[in-house]
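Undergrad: Let's see this in three dimensions:
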Amino acid sequence: MLRVRRKLRGLLVGGLFLAGASPQPAVAAAAAVLIVQGRVEDEAGRPLSGAALRLYATIGQREAGALQLAGRFPPPPLAEAKSDGTGSYRLDVPGPGVYRLVASAEGKAPRQMLLQPLVEESWLPAATLAADAAITVTVVDAAGKPVAGAAVVAQTQRGTARALGGWELASALTVTDAHGVAAVHRRSGERLDVSAAGAGLALAEAKGVGVSSVRLELVSGSSRQLLVVTGDGRPAADAALMVAGSGLPLARSDNAGRATIATRGRDPLALQVEGAAGERARVTLLPPDPHEQPRPLRVELERTTRLHGRVIDAESRQPLAGAVVVLQALPERHAVTDGAGSYTVEGVAARGHAWLLVGAAAHFRADVDVAEAQSVAGVAPTAALAPAGALLGSVSDPRGRPLADVEVSAAPAPERPGMGSRWSFFGQGQTRSDTRGRFRLSPLSTEGRLRVV
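TA: Okay, the predicted model is just below:
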């Protein structure tokens, strides 16, 4: 008999029956719609009813910054759902890919999870929404006047991030209102690094903000000229200049590739520059030497390439359709394989190694190292994914009544009593039963025996 366990008021209650569980052969074909299920709860573990779950396409910092300055971040969601009275939700996702899922509720600090990659039906860890302890950000100029339309970005202070079950601080990208005020949301005790910038004004930052309000003063500073060019030396128009790390938008290059950045005092400023076609460069802007005539700093964007490849089943050597291939450093750059298992990832740096994460339904994920020579040629090694199985079943009490929200996990069973398992990795062998007591565990090894608890 397979056994499960259920937590009830802090106690572990055993002796429950698992009905109808059977290993199922995996199917490699891509589903038209993928189902994502989960639960939303408060900080005490109580279910939250009416919480909103919104699914967004994954976008890069360049696009996010443009939407932010236009007051349109986040973009419209691809799918939405509400949690029910048990805190449970079900979201229909429009096919395999890489997505950002945001959970929010009135009076609660929103959290987000990156689904990278999403290739099959998934039950996510519970999203814990704590009471909102928002920070009011006031942005003023050197004269103390409010700066309207200033871009504001907040991030969890480095070294203090606590991603609970994969859920983390939701992207805090906003602009100040007519009074120079913006709000960023966080849970109590969370310290944020807050930064702001305005047109023609130098960046202002506050590190480790843990209080309810902060005031940032933007000054004119010293103007620095930059010339952004492509890898072949041509002016790069409409290149986005952002603060490295946070992605705070600062400026865009004109048709001649020129841009002006205001710097503050003697502090260096690390910039991330991204061209319209995804080319990137990183540069540190140093304060001007007062004894020298400042010259425009030339920024050359790295060359990029299209990376082509195939994904196949490691045993049958047949192509896998609907597999997702992700450029790990930039998850917004990903592709889904076609019926021949082929894919093309755009915007891959032509120099240096590239790391790809590859996932497909009913298969274990794999990392693919693309050498520099392969990047230059635009051809990635064929990714052969090991097939996996799925375990379908339901959980009920001794009277046969379905039990919802029961934690179900799988582990390799020893070959005989007292003998350790010869299996070292069984994939994502943990889930919870849905409102009808049903569950699905995947991917799992198709060899040996499983113990389900």
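
Undergrad: how many neighbours does Gly265 have?
TA: 9 (other C-beta atoms under 10 Å). For glycine as for every other residue, the C-beta is placed from the backbone atoms N, C-alpha and C.

Undergrad: List the contacts of it.
TA: Applying C-beta atoms under 8 Å, 6 or more residues apart in numbering, we find Gly265 in contact with 221, 287.

Undergrad: That one and Asp232: what is the separation?
TA: Remark: distance between Gly265 and Asp232 (C-beta to C-beta, to the nearest Å) = 36 Å.

Undergrad: Equivalent analysis for Arg39, please.
TA: According to C-beta to C-beta, Arg39 stands 52 Å off from Asp232.

Undergrad: Equivalent analysis for Leu69, please.
TA: Per C-beta to C-beta, Leu69 is found 29 Å from Asp232.

Undergrad: now do Ser394
TA: The value you get for Ser394 to Asp232, if C-beta to C-beta is used, is 61 Å.

Undergrad: more neighbours, these two?
TA: Using other C-beta under 10 Å, the more surrounded residue of Ser394 and Asp232 is Ser394, with 20 against 8.

Undergrad: Show me where the stretch 301-450 of the chain dips below the pLDDT cut-off.
TA: Residues of the stretch 301-450 of the chain that meet the criterion pLDDT under 70 lie in 411-429, 446-450.

Undergrad: Now do the helices in it.
TA: Under the criterion DSSP state H, counting those that start in this stretch, helices of the stretch 301-450 of the chain are mapped to 372-377.

Undergrad: Next: the stretch 51-200 of the chain.
TA: Along the stretch 51-200 of the chain, counting by DSSP H, counting those that start in this stretch, helices occupy 61-69.

Undergrad: First-to-last residue distance for stretch 174-192?
TA: Start-to-end span of stretch 174-192 (C-alpha to C-alpha, to the nearest Å) is 15 Å.

Undergrad: Which strand residues bridge the residue sitting nearest the centre point of the chain?
TA: What sits nearest the mean C-alpha location of the chain, by C-alpha atoms, centre = their mean, is Leu114, with 3.0 Å. On the basis of DSSP bridges, Leu114 is bridged to Arg100.

Undergrad: Going forward, count from 40.
TA: In the new count, where the first residue is 40, that last one comes out as Leu153.

Undergrad: and Gly380, what does it touch?
TA: By C-beta under 8 Å, 6+ apart, the contact set of Gly380 is 349-351, 357-360, 362.

Undergrad: Show me which of the residues you listed are buried.
TA: 349-351, 358-360, 362 (16 or more other C-beta atoms under 10 Å).

Undergrad: The nearest residue to Glu341 once chain neighbours are set aside: neighbour count?
TA: Spatial nearest neighbour of Glu341, chain neighbours left out: Ala388 (5.4 Å); criterion: C-beta to C-beta, 6 or more residues apart in numbering. By other C-beta under 10 Å, 20 other residues sit near Ala388.

Undergrad: ok, now Gln332?
TA: Number of residues near Gln332 (other C-beta under 10 Å) recorded here: 6.

Undergrad: Helix, strand or coil: sort out it for me.
TA: coil (DSSP: H, G, I helix; E, B strand; the rest coil).

Undergrad: gap between it and Pro326?
TA: Going from Gln332 to Pro326 by C-beta to C-beta gives 14 Å.

Undergrad: my guess is Ala142 contacts Leu168, does it?
TA: Yes. Judged on C-beta atoms under 8 Å, Ala142 makes contact with Leu168 at a distance of 6.3 Å.

Undergrad: Name the residues contacting each of the two.
TA: 79, 90, 149-150.

Undergrad: Save these as TSV, and put in neighbour count, pLDDT and distance to Ala209 too.
TA: Below are those laid out as TSV (neighbours: other C-beta atoms under 10 Å; pLDDT from 0 to 100; distance: C-beta to C-beta, whole Å):
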residue	neighbour count	pLDDT	distance to Ala209
Val79	27	96	13
Ala90	24	98	13
Pro149	22	97	4
Arg150	24	97	6
